[in-house]
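Visitor: Quick one, what's the 3D model for this:
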Amino acid sequence: MKRIVLLPMLLVAIVLTDSLSAQNTTNKNILPGSWLGKISTNGIDLRLVFNLKLNDKDSLISTLDSPDQGAKNIPLGRVIVDNKKLTIKAPVLAGEYTGTVTSDSTIEGTWTQQGQSFIVSLKKLKTAFTANRPQEPRPPFPYTSEEVTFTNDKFNIKLAGTLTIPTGPGPFKAVIMITGSGPQNRNEELMGHKPFLVIADYLSRNGIAVLRFDDRGVGKSQGTQLNATSADFATDAEAALNFLKNNPKINQKEIGFVGHSEGGLIAPIVAASNPDVGFIVSLAGPGVTGQQVIIRQSQDIGRLSGEKESDIKESTETNKKLYAVLRKETDNKKAEIKILSRYREILEKRKTSKEDTEKAVDQLKLTFGANKYTWFRYFIMTDPSIYWKKVKCPVIALNGEKDLQVAANENLPAIEKAMKSSGNKSVKTVKLPGLNHLFQHCKTGLPAEYSSIEETFSPEALKIITDWILAL
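Guide: Purely as a prediction, here's the structure:
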């Protein structure tokens with residue numbers, strides 16, 4: 001089947017819970033320890049670490065780490081060892097790992113989850129797995145850090161975050177950080193990195209206050225992301241702005257947004273109607289419609305991943321047809337029926353076997369069901385230029401040259417053009433050589449590299465952002 005990319009960032013959700021025991025433990029004495037493997041899907045590599053140990057009953061128990069998704073010590077289901085065969089159950093997720101122990105340090109097997117199967121070879125680690133993240137800040141810190149909460153009155157939800165304030169009397173310039181698509185915590189933790197933590201630390205060390213907060217429904221923040229759109233998330237960001245305006249250590253006229261990816265759309269949505277926004281830093285934010293962003297993303301990742309042009313063209317045509325259904329049908333349940341029916345028609349026209357067709361349709365329903373439609377419909381139909389044209393504050397827009405998710409050469413000129421067309425000349429665009437969507441120095445820009453790169457956020461980008469804000 002041809003690859004269909006439906007979201008700006010596709011991650012495999014790994015949320016496994018249950019208890020463990022062991023049976024037929026022929027090989028159990030060589031199994032205790034940490035075993036590392038990876039799932040490769042949609043151009044992204046996600047590492048899995050199975051931590052096996054013997055309990056006081058001489059039975060194997062296990063937990064799972066997904067370091068690239070910030071998940072640790074997830075309890076699993078039953079562990080079964082039968083001669084050289086190892087099975088680790090994950091009943092809550094309808095998944096399991098099944099492998100063959102090929103040596104004291106290798107297991108060859110398959111991870112199955114919600115109808116999908118991935119070949120996952122495990123290697124035994126000499127010590128417990130730790131990702132090397134040299135940029136992550138460590139105490140003591142030359143600034144104050146406090147837990148805060150504020151309320152989005154429109155949705156009647158409390159949002160929780162961290163406010164870092166430089167030492168000194170103030171009042172200080174301040175930024176509010178807005179995460180990219182999908183549920184994110186205040187550090188925008190993804191692929192084993194915490195970019196917002198690194199950015200906040202750097203800015204506050206250089207005299208700029210920073211508020212970063214958990215997305216609604218994440219961490220300590222209330223609410224839900226179900227049926228929420230970028231416009232709804234914009235009200236969360238505006239609530240953060242109103243909160244900071246009441247802090248005597250913050251310069252009320254110099255509060256701005258730093259938005260990454262979708263956050264770079266949310267920032268101008270707020271600023272377009274709120275003159276209190278002092279400035280915007282767009283980090284890989286869109287300047288063209290969401291549909292253009294995603295189509296381009298799918299094509300760029302496909303080409304760099306070695307896909308044939310004919311397959312890329314076919315995937316593009318398929319996605320456009322499915323998006324057209326979603327744009328037209330606003331009832332999500334009806335839209336799901338029509339999208340799955342349209343997809344089945346497309347596959348049958350290609351003479352795909354009945355079995356493969358049904359598998360593909362089931363997979364599409366699983367990964368792109370009705371619960372995702374409200375956000376996605378808004379995203380693909382929204383033209384950011386409408387908002388950028390209404391932004392009156394200074395803006396700097398940065399993109400990595402090797403960004404395959406929000407292409408620099410398509411989105412940076414669009415942002416600049418929109419702002420200048422309405423008379424706002426205070427806009428600067430910067431394309432940074434060798435950086436990917438997360439602003440890491442990289443080889444290809446493929447999402448598969450994100451977690452394996454030790455750097456969390458380019459020092460050059462940090463300096464450009466800081467210098468620009470301080471010079472305002």
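
Visitor: residues of the longest helix along the chain that come out buried?
Guide: Secondary structure assigned by DSSP state H gives helix 309-328 as the longest helix of the chain. Across helix 309-328, burial judged by 16 or more other C-beta atoms under 10 Å covers 312, 314-316, 318-319, 322-323, 325-326. Heads up, the C-betas are built off the backbone N, CA and C, glycines and all.

Visitor: What are the buried residues along stretch 396-414?
Guide: Using 16+ other C-beta under 10 Å as the test for burial, stretch 396-414 gives 396-400, 402-408, 410-412, 414.

Visitor: Go through those and flag which are in strands.
Guide: If you go by DSSP state E, the buried residues of stretch 396-414 have 396-400 in strands.

Visitor: Pick the one among those closest to Phe155.
Guide: Ala397 (28.7 Å; C-beta to C-beta).

Visitor: Between the ones in strands among the buried residues of stretch 396-414, which sits nearest Lys428?
Guide: Taking C-beta to C-beta as the measure, Ile396 is the one of these closest to Lys428, at 4.7 Å.

Visitor: The closest one contacts Asp467, doesn't it?
Guide: No - counting by C-beta atoms under 8 Å, Ile396 stays clear of Asp467, with 10.0 Å between them.

Visitor: Pull the number of nearby residues for Leu472.
Guide: Residues near Leu472, counting by other C-beta atoms under 10 Å, number 13.

Visitor: pLDDT value on it, please?
Guide: You'll see Leu472 listed with a pLDDT of 97.

Visitor: Please apply the same query to Ile30.
Guide: pLDDT for Ile30: 84.

Visitor: Now do it against Lys126, distance only.
Guide: Taken as C-beta to C-beta, to the nearest Å, the spacing of Ile30 relative to Lys126 amounts to 14 Å.

Visitor: Look at those two and report which has more neighbours.
Guide: Each of Ile30 and Lys126 had its neighbours counted (other C-beta under 10 Å), and the higher figure belongs to Ile30 (12 against 7).

Visitor: list the contacts for the more buried one?
Guide: Contacts here follow C-beta atoms under 8 Å, 6 or more residues apart in numbering; on that basis Ile30 touches 101, 104.

Visitor: How about the one 10 residues further on?
Guide: Residues near Ser40 by C-beta under 8 Å, 6+ apart: 46, 118, 448.

Visitor: Could you report the neighbour count for the first one?
Guide: Residues lying near Leu46 (other C-beta under 10 Å) number 23.

Visitor: do the same with the last one
Guide: Under the neighbour criterion other C-beta under 10 Å, Ala448 is assigned a count of 20.

Visitor: Quick check, pLDDT for the closest residue to Ile119 other than its chain neighbours.
Guide: The spatial neighbour of Ile119 that comes closest, neighbours along the chain excluded (C-beta to C-beta, 6 or more residues apart in numbering), is Thr110 at 5.9 Å. What the model reports as pLDDT for Thr110 is 94.

Visitor: could you dump the contacts of Ser40 to JSON lines with distance to Ile255, secondary structure and pLDDT?
Guide: Supplementary listing: the contacts of Ser40 in JSON lines, determined by distance: C-beta to C-beta, whole Å; DSSP: H, G, I helix; E, B strand; the rest coil; pLDDT from 0 to 100:
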{"residue": "Leu46", "distance to Ile255": "36", "secondary structure": "strand", "pLDDT": "83"}
{"residue": "Phe118", "distance to Ile255": "45", "secondary structure": "strand", "pLDDT": "90"}
{"residue": "Ala448", "distance to Ile255": "37", "secondary structure": "helix", "pLDDT": "84"}
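
Visitor: Just give me the closest of the residues you listed to Phe155.
Guide: Checking those against Phe155 with C-beta to C-beta, the nearest one is Leu46 at 31.8 Å.

Visitor: Now Leu364, what are its backbone angles?
Guide: Reported as degrees, to the nearest 10, the phi and psi values for Leu364 are phi -60, psi -40.

Visitor: again but with Tyr373, I slipped
Guide: phi -70, psi -40.

Visitor: Next, the contact list for the closest residue to it other than its chain neighbours, please.
Guide: With C-beta to C-beta, 6+ apart as the criterion, Tyr373 has its nearest non-adjacent residue at 4.5 Å, and that residue is Asn332. Neighbouring residues of Asn332 by C-beta under 8 Å, 6+ apart: 370-371, 373-374.

Visitor: Show me where the chain has its helices.
Guide: Across the chain, reading from the start of the chain, the helices by DSSP H fall at 195-205, 230-244, 263-271, 290-304, 309-328, 332-349, 354-367, 373-381, 385-388, 408-421, 459-471.

Visitor: Contacts only, for the residue lying closest to Ser181 once chain neighbours are set aside.
Guide: Among residues not flanking Ser181 along the chain, Glu262 sits closest, at 4.2 Å (C-beta to C-beta, 6+ apart). When contacts are counted by C-beta under 8 Å, 6+ apart, Glu262 touches 8, 179-181, 230, 233, 285-286, 379.

Visitor: Lovely, talk soon.
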